[in-house]
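Mind looking at a prediction? Sequence and model below.
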Amino acid sequence: MSTVSFRFAEEKDTAKILFFIKELALYEKMLDEVVATEELLKEWLFQKKKAEVLFAVSDGKEVGFALFFHNFSTFLGRAGIYLEDLFVLKEHRGKGYGKAILKELARIAVERGCGRLEWCCLDWNKPSVDFYLSLGAQPLNDWTVFRTAGETLKNLAEK
């Protein structure tokens, strides 16, 4: 791995963020589900400040990214960091950038006094699951992720 540095995204990076989101969706075979636009990302990331984006940079080029936000643990009584997306460009995989990004996120979590760093991973993504296990991450086997979205969310809001 070449020397890696990190930088937080700025509004001028919106197109680059959308590029990384679409590359991740392509990898996850979910590109048809991406409805995010540059305008939506500008609004939610930079105007409303609901999430943050961290780029891994090597030789002056963004090689990976992480999109994350704070959640809260009532049991711990403090915030945590929830990693929504982590992605390293194909030509840069296997060089340690993913681990470097997670280490930087862990450092940020500790620096901010957070109680944990957590994320989800698709069950079929064995390379990522094995990678996370190798770092000491523990799967939460007793938990199931639930979601409402789209019309189901709207219907729930009306009841």
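Structure received.

Which SSE is immediately downstream of the helix or strand that contains residue 40?
Per DSSP states H and E, residue 40 falls inside helix 38-41. Sequence-wise, the next helix or strand downstream of helix 38-41 (DSSP H and E) is strand 52-58.

Quickly run through the sheet partners of that following strand, with directions.
Here strand 52-58 has these sheet partners by DSSP bridges: strand 4-8 (antiparallel), strand 61-73 (antiparallel).

Adding mean pLDDT and mean neighbour count, write these out as JSON lines.
All C-beta atoms are positioned from the backbone trio N, CA, C, and that covers glycine. What follows is the strands paired with strand 52-58, written out as JSON lines (pLDDT from 0 to 100; neighbours: other Cβ atoms under 10 Å):
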{"stretch": "strand 4-8", "mean pLDDT": "97", "mean neighbour count": "14"}
{"stretch": "strand 61-73", "mean pLDDT": "98", "mean neighbour count": "18"}
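
Quick check: which of those is nearest to residue 156?
When those are compared by Cβ to Cβ, strand 61-73 sits nearest residue 156, at 20.5 Å.

send the alpha carbons of the closest one over as PDB?
In PDB, the C-alpha atoms belonging to strand 61-73 read as follows (Å, rounded to 0.1, in the frame of the first residue of the first chain):
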ATOM      1  CA  LYS A  61      -6.200  10.200  -5.800                       C
ATOM      2  CA  GLU A  62      -9.300   9.100  -3.800                       C
ATOM      3  CA  VAL A  63      -9.100   5.300  -3.700                       C
ATOM      4  CA  GLY A  64     -11.800   4.600  -1.200                       C
ATOM      5  CA  PHE A  65     -14.500   6.200   0.800                       C
ATOM      6  CA  ALA A  66     -16.600   5.800   3.900                       C
ATOM      7  CA  LEU A  67     -20.000   7.400   4.600                       C
ATOM      8  CA  PHE A  68     -21.000   7.400   8.300                       C
ATOM      9  CA  PHE A  69     -23.200   9.100  10.800                       C
ATOM     10  CA  HIS A  70     -23.700   9.200  14.600                       C
ATOM     11  CA  ASN A  71     -26.200   6.900  16.200                       C
ATOM     12  CA  PHE A  72     -26.900   6.600  19.900                       C
ATOM     13  CA  SER A  73     -26.800   3.700  22.400                       C
END
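
could you point out which element follows that strand?
Next element after strand 61-73 (DSSP H and E): strand 78-88.
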